[in-house]
Structures are given as C-alpha cells and as structure tokens.
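Asks: Next come a sequence and a model predicted from it.
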Amino acid sequence: MADTGRLERPRGIAARAGSWSARHRWAAVGGWVLLVILALAVGSMTGRVDVSESEQVPGEAGRVSKILDEAGIDDAAGETVLIQAKGGGLTASDPAFRKAVDGVMAEVRATGQVTALRSPYDTKSISADRRSALVQFEMRGDAEKAADHIQPVLDAVDKAQNGHQDLRIEEFGDASGQKAFDDAFGDDFTQAEYSALPVALGILLIVFGALVAALLPVALAMTAFLATTGLVAMVSHWVHMSDTANSVMLLVGLAVGVDYCLFYLRREREERAAGRDAQTALRVAAATSGRAILVSGVTVIVAMAGMLFTGIAEFKAMGLATLMVVAVAMVGSVTVLPALLSLLGERVEKGRLPFLGRAKRRGGTESRIWRAVLGPVLRRPKLSLALAGGALIALAVPAVGMNTANLTMDQEFGDRLPVVNAYNHIDEAFPGGSDPARVVVKADDIDAAPVRDALARFRTEAVAKGASKGPVEVTVHHRQNLAVVEVPLIGGSDEGKAEKSLDVLRNEVRPATLGTVDGVDAPIGGSTASSKDFNDKLGSAVAPVFAFVVVFAFLLMLMSFRSLTIAVTSIVLNLLSVGAAYGILTAVFQHGWGAGLVGAEGVGAIVSWLPLFLFVILFGLSMDYHVFVVSRIREARLAGRTTKDAVVHGVVTTAGVVTSAAVIMVAVFSIFGTLSMQSMKQMGVGLAAAVLIDATVIRGVLLPAVMSLLGERNWYLPKWLGWLPDLAHDEPAPAQRPTVLVGASPRPDADERPRHARV
C-alpha cells in the first residue's frame, strides 16, 4: 500500500536539488549533457598543459633544469651503446672489437636521428679491463620528445648485435629509458582502464539484476570523468597536469561515481519496495542518501585537497584533478540522477537477468549475513572491539619499519625489459657513468680565471674525495656564461651509495671549490639528486598534509552529525584502516611475506610517493562508507529507535550497498595489483586491502561495537561547541515502524533514553 504521509517542504540542499530535478527532469538531464559537451569542447580547444621537467623535480635538481631552460640551452637526450666482450675473449684493442664499434656508429649515424656521435677511442670511454666500451651520442630535436623517435636507433643497435654475436651490444639513455617506461606505464594503465569498466558493470548487474539499473552508475561515473577531463584541460593553464593525474582521476572518478549512484539508487528502490509511491521514494532518497553523498563528497574533496600542500607539481596535479572529478560526480548524483530515475520510472528494471532479477525483487533490504555477524558483536561488544581492533593493530605493526625509496629500474620492472639489463651492464662496467650527476655552474663570467680554476679544482676534488672515479666532463657554454659538469657517482644504481657520493659533492667538494668564488651558483642535479630532493620534499610535506586532512575531516564530521563522539571515532577508525593497509604493504613488498602471490619478489621497499598518496585517497574513500552507514544510523535514531537498535538497523540496511560498492572498488583496485610495474602493484594491493578492511572489519564489527558501547554518548556535543555551523539538518524520512532486531533491546533501556542529546 502506498505511503500517503506527506513530507514537509524539502529543507536540505540535497533534498531541494533532488526535488527540483524530479520536477524539471528534462532540464536537469539536458543541463548535464550540455555541461559534458561544453566542457569537452572548450577543453579540447584550450588543450592541456602538462608539468614540465623543471616543475616535476623540487630542490636543487629542479633548479638545474630551470637554469638550463632560462638560458635556452637544449638539454639533449643522451644515449649510450655498450659494446662488451662476452667471456674472456676480445678486448678493445682487437680489430674485431674495433670493427664492431665502427659498425655500431655507422648503423646509428644512418638513422639520421642522432648528433654528437662519439667513439670510445676518442672519449677514452673504455673500461679498466678493456673488455667494455661506450659509444655516446645525443638525439636530435626536443629532449622531451626524443622517446617518440628513438625506435629507429634501437633497431639499428639490434641490427649491430645480430652481426656480432660474440659481443654484447646494448643501448641505454634518456630517450630509450623513457620509451621503455612510457610503454610499460601506458600498457599497464590501458589494461587497467579497459578492465575496470567491464568489471564494475558485471558486478552492478549482479547487484541490481537489471541492465538499465546497472548502467546508470557507470554512465554517471564516465560522464563525470569526461566533463572533468575538459575542465581539467582549462584549469591546466594555471596548474599544470599530467598523464598520471588523468589516470588517477579516472580511477577515483569511477570509484566515487559508482558509489554515489549506488547509494542513491538502492535507497530509491528500497523505498519503492516498502510501498511508497515513486515521488515519495525519490524525495526520501534525496533527503537521506543525497545528503550522505554531499557530506561524503565534501570530505573526499577536502582529503584530495591535501595533495595541494605537498609543493610537488605531480601531486598538485593529481590532487586538483581528483577533487574536481569528485565534485562533478557529487553534483551529478544529486541532480541528474533523480531526474533520470523520475524519467525512467519502472523502466529502470528493464533488461532483467533471468532468475537473478527475480531473486532481487523478492529479496528484502536487510542483509542476513550481516544480521548474523552483528548478533555476537552486539552481545559482546568489548570482546569484539578487542579482537577486531587487536587484529588491525597487529596488521599495522610492520608499517613501523617501512622503508620508502624511489624504485630502481630493475626493482620496478625486474629483468624483463632489455633496457634494464643494458643499464645494469653499463653500471657494472662504468659505475655511475650511465647516470651521472649534473652540475650547472652559472657565473657572471664563466671564462674568468677564478671560475676556471674552481672548475678545475672541482674536477680534481670530486675524484680525490671519493665521490667519483671519473672521468669528470665539463662543457662550457660561453655565450650563456654557463658550464655543465657531468660526474659519474660512485655507487651507480645502488641508491644508498650514490646518495653518499652526492652528499660528498654537495657538502664537501662544492663548498671547497666553486663555493669560494663570489657570484657563482652551482646546483647539482641528475637522477640521484632528483630522487633525493623529491624524497626530502615529500618527507617535509607529510606532517602538514596529514594534519590538514585529519583536522578538516574531523570538523566536517562534527558539523555534519553534530556529535563530538562520532567525529572522533570517525577519524580513529579511518586511521586504523589506513594503518592496516600500510602494514600489509610493508609485509608483502618489503619483507616479502606472500610476495610471490602478486609477483613482487625482491622489491624490498615501498615506492616513496605511495604512503602519502594512499593516505589521502583512502581517507577520502573510507568516508564514503562511514558517512553512509552513520547517516542511516542517525536517521533511525531520529525516527525514535534506541541507539543500539539504530546501530543494528543502520548496518543491516546499508550492508548490501556498502558490500556491493566495496566489491567493485576491490575488484578495480585489484586489477592494478596484476600489472607489471611494481609501483602499480603496490598501489593496487594497498587500495584493495584497505577498502576490503574498511567495508568489513571497520564498518561491520568495530563501528557497531564502539557505538553500542558508547550508547547515548554517541550523540554528545558539548555546549561550548554549539556555535559551530549546523550541517546536520535535512529533511527527515517518514518515521519507520520500530522492529526488534538481533542484538537490540525490545524497548529503550533506562540508560538509552534521550537525555537532552542533540541528534
């Protein structure tokens, strides 16, 4: 029988937006389509501006690129070809070896893609045992685009290798290394992107049992992503973007878009199944799930905004792109979604799957599984809290010894890429030579005698102080008053040893030589320096970002639920799930426990950017579930249930949608755990583990146990906080008939009756 009760005029933003959209459905749908089209069109016309190399790296290493850019010196992409005798045979003095060197140079020159081609016999780039030699050259044109036309050169080197089977002939350099990385990174993300949508759609089909209902969340998520792509292109002229930010935007956009639509759609179907008419069901969904979406969305946006405070261009790009896609998905969920549901009506059930669709229609809104779990949890809340909390703390313990590092190429890719083997072979024969430190010396007069003398002493001291074995090469740009010094660092691919050599250069050699000349600026860059400066900058950003996210999330929870207790428990529970995810990452990828299951043997470290990235993403996404569940508990409490009864009702009625949303997220994130790059594996495993823990242990055990123990104290708000803005008021759903659920008292206990608590 339809619910004949009348609802008051909508009072909350979500309720008013949903009500307006349902009444003006064609305007809402048309406005959304127009937004997507205009955003894409304008974004396409303006184009996207990406982060430059000088922006990507902070500190001294970034200043190196900036000085060269300002001086108009093209930082050409350098390449190196190793010619190395196999076994104990040929040496560089043998005619056959010389013939191979000449052959390599001829093949490479014939491509027309190279310049500054140098023979090892001229540059003295021959190893001490004379079994290895380096042919060096630079790629023509823009260094940042060199990877696009390196393939003919790689083919030429392969041809030379085929003609000299008794020698090892391999290439490594800026362009070949970038191409290998771009190919692997691009292939990985392409695989993930193409897999994510079918996986999400398949799970939604099972959840709803109808094709149209399953397509709605995916359609909302993808249109939100497309609209944001255009908006991001426009914004990139002020805050530069990147391919990585675009991929993360898709990942987060799909996750929150599907979640928000799922929350809204399931509540609307639930109300209709309870006998309410279509209009009332939509208004209830807008007032309840719509409000939860707004609170959750704003919390996720605040979390993503934390990345803007790192001061690192790549993180700023990811933070801005993800918070924009969340904002667009949130707006779409409370506007175009109710309009579409109003338009479709019963047609949302079109495309029903045999048997499954019928089972979905017969099934209730409460989860029998979670009802069974909640029984013992609420009968023994202290024991449940101790066991579940203890388990998560135990999982988090390995994170105490987490070792973060920028993964080397062999850690990232293993030995499956030829360029990785080439890098290792060059580094063994010429330690540090494949990736030297670069010192850019800027002076008022680079040809002045004191400057020339300081450069000469720098070359000598770099070797004498043990930072390098040489040769230290100096290239002077007289017109720009610059000199570029290349120093092969002792340690090479061993990051720890290479950083010690870098410290010697920066803190001992430079002050004693170049630092004695007035007006000389000599920042030191290169791969090792870039890695160290990035990690130092990231380390200094951790505390401010963590504080910003936690404080603002706390304030949002406090204002949204008008409860100090809920705000505190929200933060503590989310930190527990993040800590457990950190512990799992450390155990698997650093200590190797079960690493073989995800193909991560021998990594030994967590990629340096991941902990901060995971914290921001997970803290935001965890709030999705938390806000949704607690909102339902609060709604039941306002309808007159006891706190314990409200907790049971809130968990069992939201368990289905939370589980469905979590399964989708875990499935999508797990795809990243199967990719070839170790950093992508770590991201996928960390995200999947955290979401799984959050949707099960946190929301199904810890949250109800804590709220059950706290009772009426859940709704405590000190009088001195009464001045805070009130975001809690929204349109209440029609009162629900109280029922006795597992673990709940049949009537309010004396200590659970409201005592002037502001709910």
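Replies: Arrived safely.

Asks: hey, where'd the strands end up in this protein?
Replies: 78-85, 114-118, 132-139, 167-173, 404-405, 437-442, 473-477, 482-487, 524-525, 606-607 (DSSP state E).

Asks: Among those, show the one with the smallest mean pLDDT.
Replies: Note on the strands of the chain: lowest mean pLDDT is at strand 404-405, with a mean of 81.

Asks: hang on, the earlier thing: with distance to M318 and mean neighbour count as new columns, can the strands of the chain be given to me in TSV?
Replies: Placement of C-beta: from N, CA and C, glycine included. Supplementary listing: those in TSV, determined by distance: least, Cβ to Cβ, whole Å; neighbours: other Cβ atoms under 10 Å:
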stretch	distance to M318	mean neighbour count
strand 78-85	30	24
strand 114-118	35	15
strand 132-139	29	24
strand 167-173	28	24
strand 404-405	18	18
strand 437-442	27	24
strand 473-477	36	14
strand 482-487	32	22
strand 524-525	23	25
strand 606-607	14	24
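
Asks: Figure out which of those is closest to W720.
Replies: In this view, the strands of the chain are compared for proximity to W720 by Cβ to Cβ, and strand 404-405 is the closest at 41.3 Å.

Asks: Give the other helices and strands that the closest one contacts.
Replies: Under the contact criterion of 3 or more Cβ pairs under 8 Å, 6 or more residues apart in numbering; DSSP states H and E, strand 404-405 touches strand 606-607.

Asks: what does the strand it packs on contact?
Replies: Under the criterion Cβ atoms under 8 Å, 6 or more residues apart in numbering, residues 402-407, 585-586, 589-590, 678-679, 682 lie in contact with strand 606-607.

Asks: give me the low-pLDDT residue ranges for the protein?
Replies: For the chain, the stretches flagged by pLDDT under 70 are 1-11, 88, 186-191, 193, 354-367, 415, 432-434, 492-493, 602, 727-759.

Asks: which one in it is furthest away from the centre?
Replies: No residue in the chain has its C-alpha farther from the mean C-alpha position than P95, which lies at 53.3 Å (Cα atoms, centre = their mean).

Asks: How much space separates the closest residue to A110 other than its chain neighbours from T80?
Replies: Ranked by Cβ to Cβ, 6 or more residues apart in numbering and with sequence neighbours excluded, the top spatial neighbour of A110 is A156, at 6.8 Å. Relative to T80, A156 is positioned 14 Å away (criterion: Cβ to Cβ, to the nearest Å).

Asks: what's the answer for Q279, then?
Replies: Applying Cβ to Cβ, one obtains 71 Å for the distance of Q279 from T80.

Asks: now do D74
Replies: With the distance defined as Cβ to Cβ, D74 ends up 19 Å from T80.

Asks: sorry, back to before: now the strands of the chain in a markdown table, please, with extra columns for distance to V630.
Replies: Compiled in a markdown table, the strands of the chain are given as follows (distance: least, Cβ to Cβ, whole Å):
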| stretch | distance to V630 |
| --- | --- |
| strand 78-85 | 57 |
| strand 114-118 | 63 |
| strand 132-139 | 57 |
| strand 167-173 | 54 |
| strand 404-405 | 33 |
| strand 437-442 | 53 |
| strand 473-477 | 63 |
| strand 482-487 | 57 |
| strand 524-525 | 49 |
| strand 606-607 | 32 |
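
Asks: in the stretch 351-500 of the chain, which spans are helices?
Replies: Per DSSP state H, counting those that start in this stretch, the stretch 351-500 of the chain has helices spanning 356-362, 368-379, 381-396, 409-413, 418-429, 449-464, 495-504. These are given in chain order.

Asks: Can you say which of the contacts of strand 606-607 are buried?
Replies: When the contacts of strand 606-607 are checked for burial by 16 or more other Cβ atoms under 10 Å, the buried set is 402, 404-407, 585-586, 589-590, 678-679, 682.

Asks: just the residues you listed now: which is nearest A313?
Replies: For those, the nearest to A313 is N406 (16.1 Å; Cβ to Cβ).

Asks: ok, and the closest non-adjacent residue to that closest one?
Replies: Sequence neighbours aside, S531 is the residue nearest to N406 in space, at 4.2 Å (criterion: Cβ to Cβ, 6+ apart).

Asks: Pull up the gap between that neighbour and R510, please.
Replies: 19 Å.

Asks: and what of R457?
Replies: Look at R457 and R510: by Cβ to Cβ, they are 11 Å apart.

Asks: Those two: which has the busier surroundings?
Replies: In this view R457 and R510 are compared by other Cβ atoms under 10 Å, and R510 has more residues nearby, 22 against 16.

Asks: Next up, the contacts around that one.
Replies: In this structure, R510 makes contact with 439, 458, 522, 524, judged by Cβ under 8 Å, 6+ apart.

Asks: Mind picking the two most distant members of these?
Replies: Pairwise distances among those were taken by Cβ to Cβ; the largest, 10.5 Å, belongs to F458 and I524.

Asks: Between these two, which contacts overlap?
Replies: 439, 510.

Asks: contact partners of stretch 443-453?
Replies: So stretch 443-453 is contacted by 441, 476-478, 481-483, 517, 519-521 (Cβ under 8 Å, 6+ apart).

Asks: so which of the contacts of strand 606-607 comes closest to V295?
Replies: Checking the contacts of strand 606-607 against V295 by Cβ to Cβ gives L585 as the nearest, at 28.9 Å.

Asks: Surely that closest one and L610 touch.
Replies: Yes: here L585 reaches L610: they are 7.4 Å apart, a contact under Cβ atoms under 8 Å.

Asks: Now for these two: what residues contact both?
Replies: 682, 686.

Asks: can you tell me how far A92 sits from L205?
Replies: On the measure of Cβ to Cβ, A92 and L205 end up 65 Å apart.

Asks: Which one's more surrounded, the two?
Replies: With neighbours defined as other Cβ under 10 Å, A92 and L205 compare such that A92 has more, 21 against 18.
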